[in-house]
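K.L.:
here is a sequence with its predicted model. Questions after.
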Amino acid sequence: MKNIAMTVSLAFLLLILGACLGNRSWDEKPFSDLEGFPVNHQQVLKHLRTANETAKEAVESNHPPFGAMLLAPDGETVLMKQGNVSLMDHAETVITRQAFVKYDPDYLWKCTLVTTVEPCAMCAGNIYWANIGNVVYGVEEIRVKELTSADKRNPTMKLSCRTVFAAGQKPIRVVGPVPELEDELLAPHRAYWK
Ligand SMILES: [Zn+2]
């Protein structure tokens, strides 16, 4: 009888644990396809590679190699592209502020911001306030911090964008990092931060 009670208790605990894990939909890590996320795995790879081209173009203008894009709700159409502009005008911040002026917040909630490197606290804040509901990033901020160190051109922070979003009031969904593209996305950084 005691064994039956213990088995039932254990099954109940496992049920609760399973329910909790099943509700992590907007905070998945490492990379995985989230249910209902507007961009599938193949599109994630394709869009990150395109954003990386924008990042490389930024270097040609003597800016750090960061690139971002805004995708329409279909997960395919590229609405905007942006490279890094300056120490304050990060690619994600610039694109987010322009998108806020151009598009309705309800529309932006269904859009996806794609960025080569995890958004910093400033950019994550802009994404939150602009009401962009989905984010894809390729490389974790901490990986770039290892390369930039305390370089005055980019004194990289160490603060997960998920931590910033979790402090807010809306379930912004994040996909990233994408380990299979890490070398590709870090290559322009390895060349730039010397
Ligand atoms: Zn930033």
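P.N.:
Nice, thanks for sending it over. Numbering: from 1, shown residues only.
K.L.:
only C-alpha atoms for contact and neighbour calcs from this point on.
P.N.:
OK.
K.L.:
quick one, strands of the chain?
P.N.:
Residue ranges of the strands in the chain, as given by DSSP state E, are 67-71, 78-83, 112-117, 134-139, 173-175.
K.L.:
the shortest one pairs with which strands?
P.N.:
Paired strands of strand 173-175, with direction, are strand 134-139 (parallel) (DSSP bridges).
K.L.:
does the partner strand come close to the ion?
P.N.:
No. Figure legend: strand 134-139 not in contact with the ion (Cα under 5 Å from the ion); closest approach 12.0 Å.
K.L.:
low pLDDT regions in the chain?
P.N.:
By pLDDT under 70, the low-scoring segments of the chain are 1-33.
K.L.:
at 90 instead, please
P.N.:
1-36, 144-158, 194 (pLDDT under 90).
K.L.:
run through the residues of it sitting next to the ion.
P.N.:
Residues of the chain lying near the ion by Cα under 5 Å from the ion: 90, 120, 123.
K.L.:
mind listing what the closest residue to the last one other than its chain neighbours touches?
P.N.:
By that I understand residue 123. Leaving aside its chain neighbours, residue 123 sits nearest to residue 93 (5.0 Å; criterion: Cα to Cα, 6 or more residues apart in numbering). Shown in contact with residue 93 (Cα atoms under 8 Å, 6 or more residues apart in numbering): 122, 123, 126, 127.
K.L.:
quick one: the helices in the chain, in order.
P.N.:
2-22, 41-60, 91-102, 105-109, 121-130, 141-148, 161-166, 182-192 (DSSP state H).
K.L.:
buried residues, the third one. List them.
P.N.:
I take that to be helix 91-102. For helix 91-102, a neighbour-count test (16 or more other Cα atoms under 10 Å) marks 91, 92, 93, 94, 95, 96, 99, 100 as buried.
K.L.:
again, but for the fifth one
P.N.:
For helix 121-130, the neighbour count (16+ other Cα under 10 Å) marks 121, 122, 123, 124, 125, 126, 127, 128, 130 as buried.
K.L.:
and the shortest one, by the same measure?
P.N.:
By neighbour count, with 16+ other Cα under 10 Å as the criterion, the buried positions of helix 105-109 are 105, 108, 109.
K.L.:
alpha carbons only: can I get that helix in PDB?
P.N.:
Extracted in PDB, the C-alpha atoms of helix 105-109 (Å, rounded to 0.1, in the frame of the first residue of the first chain):
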ATOM      1  CA  PRO A 105       2.900  47.600 -32.800                       C
ATOM      2  CA  ASP A 106       0.500  44.800 -33.300                       C
ATOM      3  CA  TYR A 107       2.100  44.000 -36.600                       C
ATOM      4  CA  LEU A 108       5.600  44.200 -35.100                       C
ATOM      5  CA  TRP A 109       4.600  41.700 -32.400                       C
END
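K.L.:
ok, and what's touching that helix?
P.N.:
73, 99, 100, 130, 131, 132, 133, 134.
K.L.:
chain neighbours aside, what residue packs nearest to the fourth one?
P.N.:
Nearest in space to residue 130, with sequence neighbours left out and distances taken as Cα to Cα, 6+ apart, is residue 100 at 5.4 Å.
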